[in-house]
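J.: Here is my input; please provide its structure:
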Amino acid sequence: MDPQPLPVLLQGRDLEVRIGLQVILDQATLAIHAAERVGLLGRNGCGKSTLMRLLAGVDAPDRGEVQRRRDLRIGYLPQQSTLDLEASVGDNIFAGVSDVLDLIRRFEALPHDSAESHTLEHRIQALGGWDLDVRRAKLMEHLEAPPIERLAGTLSGGERRRTALCRALIGQPDLLLLDEPTNHLDTESIEWLEEWLLRFAGGCLVITHDRTFLDRISTRILDLANGKLEWYEGNYTDYLVDKAEREEQAEVMESKRQAFLRNEIDWIRRGPKGRTVKSQSRVDRYYDIANRIPPDRERDVDLVIPPAEGLGDRAIDCVDLAFAMGGRELCRGLDLVIKPGDRIGVIGRNGCGKTTLLRVLLGEVPPTAGSVRVSANVRFNLIDQHRLHLNNERTVIQEIADGKEHVQIGTERVTVWTYLRRFLFTDDRILTQVSQLSGGERSRLLMAKILKDGGNVLVLDEPTNDLDLSTLQVLETALARFAGCVILVSHDRFFLNRVCTGILAFEPGGVVFQPGDFDYYREKRAAILTAAAESAARAEAAAPSALPKKPRTGLSWKEQRELEGMEGAIEAAEAEVSRLETLFSQPDFYQKHGPQAGALIGQLEAARAAVQALYARWGELEGRRQP
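T.: The predicted structure is shown next:
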């Protein structure tokens, strides 16, 4: 017996949106069901955010309609901030449950024994209204929102983004519409959000460039291209396989169509005498097939990174490096050599010092101890989307040309127009004012503007924000082929795996360097936690037979640092346990991970042991700390 279909929460019928001559949606139809998590993909500027606004009820289509289930509660995270800048962080988050707060105010104004009071009480209970303060506190903790009393107008872009995400999630709505929810989140927060969504009972539509995130949470993929929507079952990996098969079939059909047309055109050119009705039907069939639209071939960014100039044996040498910011020590005793061909990924929680490290390497911030030796041949090129600004009053070509007609790319000299087309700007978009560009187009324009200046050490601070998946893939390939050095800050795990030859991690106990990609760093980190757990277990087992010793009092400097980082270490270890447990709970676990099941079980047991050992160590250090 077939399973019952999930109820429809929202559906759009024959949606049409046009902006000038550009067709955004062309009779697009979709339905989102309860308990499904849909990833919305498409090129930058194709209309993903526009579709999201239509579904959220912010905008209306030119034609067609959006139908929502009665009393549907929607949590919406838009691409651009809509916080009340005059209100506090706490009040902005509670704006996501304004309907529940209205019910609570009505309930509190009624006599206790009224009939409406009992009805409202049950309704508030069903919506989780009695624990809003607890929910807000947990969301703010896991998503690293700024303090509750801060005014939204004083927040950075990342802080506003995290506050808005808390606002979208707090209401536990029936449907979540999330536009780039992982932007400005660190790896731990992203993994927490993944687990939250996997437990979420409602429906979800999400726009994201984070492929690992898509792989973990999505049950269906919705692809938007040329105003049309196409569905794919499964997660991002399933989508890639299915799309490749569909494109291959389309190419085969197009090859057959072209062969038929070549054959028929030869027949038509021969001009057979005395055409019969049968002959005329053959001609009609030819024109019918000739008028069919061939499969669309999407152009990729021909991303150009100018060739790196010679660097010698070493580009950057850090010796016993330490630095601080705002009186807080961020790094101590770092030894690191960066050589030509190295691509270093810098990771860690928000505010731990990643961007400060880049500024120290660039010479903008002096170290508090140690030294940074930069080779005389090094030419830095910084891609920092937060500090570089575009002139909204100029056109795209004016922003790149700066009065010149050509761009020098190594030994190649190309026109500005040709250079911009390599970054996927069509002729009409090249003449468009910068203020009219989408977020993704602005990101591509920033890369085009910065990369034309060359450099042999590229420094990238969150380069993946707002880039679509196809542009990300091309950027990964270009960076992997770059002969110079790359130092990048990113929380995109897929991107780190594709690009990096080493990981520099800001951990609770200090800054550590691990050769290899992100997955290898995680594997080695788990092994260290396992070894620590086994060592603690052996020490505990041997304790009864040991001679009694005078208990130590106080903590050494190293132990004090260890204690300060213990909460973070325990949180990271528990996150690893949760990640592995979630992996085992997936219904297709053995289908996807069967050959690795034994190793994963070992990792889970080791991670659990590590948590226990860390708690034991924490208790020991707390017990010896002098008041």
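
J.: So the closest residue in space to Ile124 that isn't next to it in sequence, which state does it fall into?
T.: Leaving out its chain neighbours, the residue that sits closest to Ile124 by CB to CB, 6 or more residues apart in numbering is Leu103, at 5.2 Å. For the C-beta atoms, the positions are set from N, CA and C on the backbone; glycine is no exception. Using DSSP: H, G, I helix; E, B strand; the rest coil, the three-state assignment for Leu103 comes out as helix.

J.: quick one, what contacts Leu103?
T.: The contact partners of Leu103, taken as CB atoms under 8 Å, 6 or more residues apart in numbering, are Leu120, Arg123, Ile124, Leu127, Gly129.

J.: Show me which of the residues you listed is closest to Val58.
T.: Taking CB to CB as the measure, Leu127 is the one of the contacts of Leu103 closest to Val58, at 22.8 Å.

J.: Tell me the pLDDT of the nearest residue to that closest one once chain neighbours are set aside.
T.: Spatially, and ignoring its direct neighbours in sequence, Leu127 is nearest to Val100 (5.0 Å; CB to CB, 6+ apart). For Val100, the model assigns a pLDDT of 94.

J.: returning to that earlier point: report the two of the contacts of Leu103 separated the most.
T.: Longest span within these, CB to CB: Leu120 and Leu127, 10.6 Å.

J.: Show me where the stretch 451-600 of the chain dips below the pLDDT cut-off.
T.: Applying pLDDT under 70 to the stretch 451-600 of the chain flags the ranges 543-554, 557-558, 561, 584-600.

J.: Leaving out sequence neighbours, find the closest residue to Gly351.
T.: Glu144 (7.7 Å).

J.: Could you check how many residues crowd around the nearest residue to Leu77 once chain neighbours are set aside?
T.: Nearest-residue entry for Leu77: Ala168, 4.2 Å, with adjacent residues in sequence omitted and distances by CB to CB, 6+ apart. For Ala168, the number of neighbouring residues by other CB atoms under 10 Å comes to 21.

J.: what sits against Ala168?
T.: Gly75, Tyr76, Leu77, Gly96, Leu176, Leu178, Pro181.

J.: Kindly recompute the last result at 10 Å.
T.: 74-78, 93, 96, 139, 176-179, 181 (CB atoms under 10 Å, 6 or more residues apart in numbering).

J.: Arg394 contacts Ala401, doesn't it?
T.: Yes. Counting by CB atoms under 10 Å, Arg394 does reach Ala401; the two are 9.4 Å apart.

J.: So for the two, which residue has more residues nearby?
T.: Taking neighbours as other CB under 10 Å, Arg394 and Ala401 compare with Ala401 leading, 18 against 15.

J.: Spatially, what comes nearest to that one if we skip its sequence neighbours?
T.: Closest to Ala401 by CB to CB, 6+ apart is Val416, at 4.5 Å.

J.: number of nearby residues for the one you found?
T.: Quick note: Val416 (other CB under 10 Å) scores 21 neighbours.

J.: Now do the contacts for the most centrally placed residue in the chain.
T.: By CA atoms, centre = their mean, the chain has its centre lying nearest to Asp210, at 3.5 Å. By CB under 10 Å, 6+ apart, Asp210 lies in contact with 39, 180-183, 185, 190, 193-194, 216-217, 236, 464, 469, 472, 491-495.

J.: Please apply the same query to Gly333.
T.: Gly333 touches Val319, Asp320, Leu321, Ala322, Ala369, Gly370, Gly510, Val511, counting by CB under 10 Å, 6+ apart.
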